[in-house]
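In: fold the following.
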Amino acid sequence: MSFDWWTFGLQTVNFVILVWLLHRFLYKPVLRVVDARRAEIDKERAEAKRIQQEAQAELERIQSEHSDTEAKRAALLAAARTEAEAQTTARRDQAEHDAEAVAAQARKLLQTERNAAADETRKIALDLGMDVARRLLQELPADLRAEAWLDRIERHLNTLEPGDRDALLGGQANTRLLRVVGAIPFSKDSMEQWRARLMAILGQDLEIDFAHDPDLIAGVELHFPGALLHFSWRGTLNAMRVEMTADADAR
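Out: Reported below is the predicted structural model:
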């Protein structure tokens, strides 16, 4: 077998030409297409990544806004709950205060009514007692009733200093006048007894006049020029009425 260098050389030249043709008219265009396609793919990938990043950012923004909205909603709910509780507490406190005020007013009114009823009861009892006492006193002889009051008056006058007794009779004017007013009419003997015993204490030159006033209920009043001495149940009754009125005003 012989080797043909011409044939080998032609084939080598043909191969080189073929490679050059392929490189020029096939490989480079293919490379350009491939490069263009790769660049397009890279661009699409970059765009996709950008869109993904924007989507992620938008999602994060939405989630952040949602979180803010939830936080605001929770804050509003908490504020509304706190306000509602405060209003409820205020209304309850006001209701309790109003109820206590009404109860206090009711207690005060009830106490006032009780005090008024008690005062009225005492007045009725006092009037009834006076009426009963007046009827019982009517059963006693007039002289005995007058004598009992005379003993009391004597004891009172004897406890006075001479200057005090002179003041009763008008002080320096010393008019020496006395009017004895009794709850029952004085009999002649009773007047003589009263005159004698009073003159023994106040002086023999004393002028004594007697009168009758049934409103005294029982007892007598001594009308001096300088003073009035009460020894009657009317005076005691009036003092008791004044005391009850003072107690009622104090309440």
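
In: run a quick neighbour tally on residue 213.
Out: 14 (other C-beta atoms under 10 Å). Using the backbone N, CA and C atoms, a C-beta is placed for each residue, glycine as well.

In: which residues touch it?
Out: Contacts for residue 213 were tallied using C-beta atoms under 8 Å, 6 or more residues apart in numbering; they are 181-183, 221.

In: mind checking which of those land in strands?
Out: Applying DSSP state E to the contacts of residue 213, the entries found in strands are 181-182, 221.

In: which of the contacts of residue 213 tops the neighbour count?
Out: Among those, residue 182 has the most neighbours (other C-beta under 10 Å), with 25 neighbours.

In: let's see the pLDDT reported for that one.
Out: Reported pLDDT at residue 182 in the predicted model: 85.

In: look up how far residue 212 lies from it.
Out: Distance from residue 182 to residue 212, counting by C-beta to C-beta, to the nearest Å: 6 Å.

In: which neighbouring elements make contact with the one helix or strand residue 54 maps to?
Out: Element membership for residue 54 (DSSP states H and E) is helix 28-137. The contact analysis (3 or more C-beta pairs under 8 Å, 6 or more residues apart in numbering; DSSP states H and E) places helix 28-137 against helix 233-250.

In: what domains does the record give for this protein?
Out: In the assignment given by automatic domain parsing, the structural domains of the chain cover 1-105, 140-250.

In: residue ranges with poor pLDDT in the stretch 101-250 of the chain?
Out: Across the stretch 101-250 of the chain, residues meeting the criterion (pLDDT under 70) sit at 117-119, 122, 125-148, 170-175, 235-250.

In: picking that back up, with respect to residue 21, which of the ones in strands among the contacts of residue 213 is nearest?
Out: Nearest to residue 21, judged by C-beta to C-beta, of those is residue 221 at 166.5 Å.

In: residues in contact with the closest residue to that closest one other than its chain neighbours?
Out: The spatial neighbour of residue 221 that comes closest, neighbours along the chain excluded (C-beta to C-beta, 6 or more residues apart in numbering), is residue 181 at 4.6 Å. Contact criterion C-beta under 8 Å, 6+ apart gives 210-213, 216, 220-223 as the residues in contact with residue 181.

In: for residue 218, what are phi and psi?
Out: The phi and psi torsions at residue 218 (degrees, to the nearest 10) take the values phi -150, psi 150.

In: would you mind measuring from it to residue 66?
Out: From residue 218 across to residue 66, the span is 101 Å (C-beta to C-beta).

In: follow-up on the earlier one: and the residue nearest to residue 221, bridged to which residues?
Out: Applying DSSP bridges to residue 181 yields these beta-bridge partners: residue 211, residue 221.

In: where's it relative to residue 195, distance?
Out: Residue 181 sits 14 Å away from residue 195, taking C-beta to C-beta as the criterion.

In: now residue 149
Out: According to C-beta to C-beta, residue 149 stands 15 Å off from residue 195.

In: can you check residue 98 too?
Out: 72 Å.

In: the two: who's more crowded?
Out: The residue with more neighbours, out of residue 98 and residue 195, is residue 195; 18 against 10, by other C-beta under 10 Å.

In: so what's that one closest to, chain neighbours aside?
Out: Counting by C-beta to C-beta, 6+ apart, the nearest residue to residue 195 once its immediate chain neighbours are dropped is residue 208, at 5.0 Å.
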